[in-house]
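Participant: Need coordinates for the following:
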Amino acid sequence: MFKEGLFTYKALCPEVKYFTDMGSLARVPSLWVTNIPFTRQPRHLVLRTMQENLDDPVHPTIQKYGYQKYDNYDAIEAPSVKAIPSDYDGLVGVPLSFLRCWDPKQFEIVDTIIPTVTRLDNKGVPVELFQRLLIRKRHARTEKIES
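Facilitator: Next up is the predicted model:
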């Protein structure tokens, strides 16, 4: 019934009522996004290079197709947070679950998109992707301070 995505309060209320009536609200995967300050300190993600991810059998989609570019946006697809390449400076589309481990000092969120990728699954059906966050790596400042 639910695709992973961001929902506003108004859009979510009918669904919450449905799940409450069904008695299964505890099983609805959710993530609360707020602009209220809180004390959780994000952890810096330790990522691997594109080549390391391409060679790793943990990422079968990347092994088979590589890092695919979206048809409708100038960005590459990272199917999971662990697949974000450390050596890529362009835009990367990541699942919304990225928000759980997002470090604003490491990445900036540029946009949200519903991407399209020209690729077929094992049965020859076009692959449908869920909504993605577009992120860009923030670079540490390495400027020399002149005295």
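
Participant: where exactly do the strands run in the chain?
Facilitator: Secondary structure of the chain (DSSP state E): strands at 76-77, 92-94, 107-113, 116-120, 126-128, 132-137.

Participant: what helices or strands is the last one leaning on?
Facilitator: The helices and strands touching strand 132-137, judged by 3 or more Cβ pairs under 8 Å, 6 or more residues apart in numbering; DSSP states H and E, are strand 92-94, strand 107-113. C-betas here are computed from N, CA, C, even on glycine.

Participant: Run me through the strand neighbours of it, direction for each.
Facilitator: According to DSSP bridges, strand 132-137 forms sheet pairs with strand 92-94 (antiparallel), strand 107-113 (antiparallel).

Participant: Packed most tightly, which of the ones you listed would that be?
Facilitator: strand 92-94 (a mean of 24; mean count of other Cβ atoms under 10 Å).

Participant: Rounded mean pLDDT for that strand, please.
Facilitator: Mean pLDDT, strand 92-94: 94.

Participant: what residues does it touch?
Facilitator: 70, 73, 75-78, 80-81, 84-85, 113, 115, 129, 132-136 (Cβ atoms under 8 Å, 6 or more residues apart in numbering).

Participant: Over to stretch 67-77?
Facilitator: Contacting residues not belonging to stretch 67-77 are listed as 50, 54, 78, 85, 88, 90-93, 113, 115-119, 129, 132, 134 [Cβ under 8 Å, 6+ apart].
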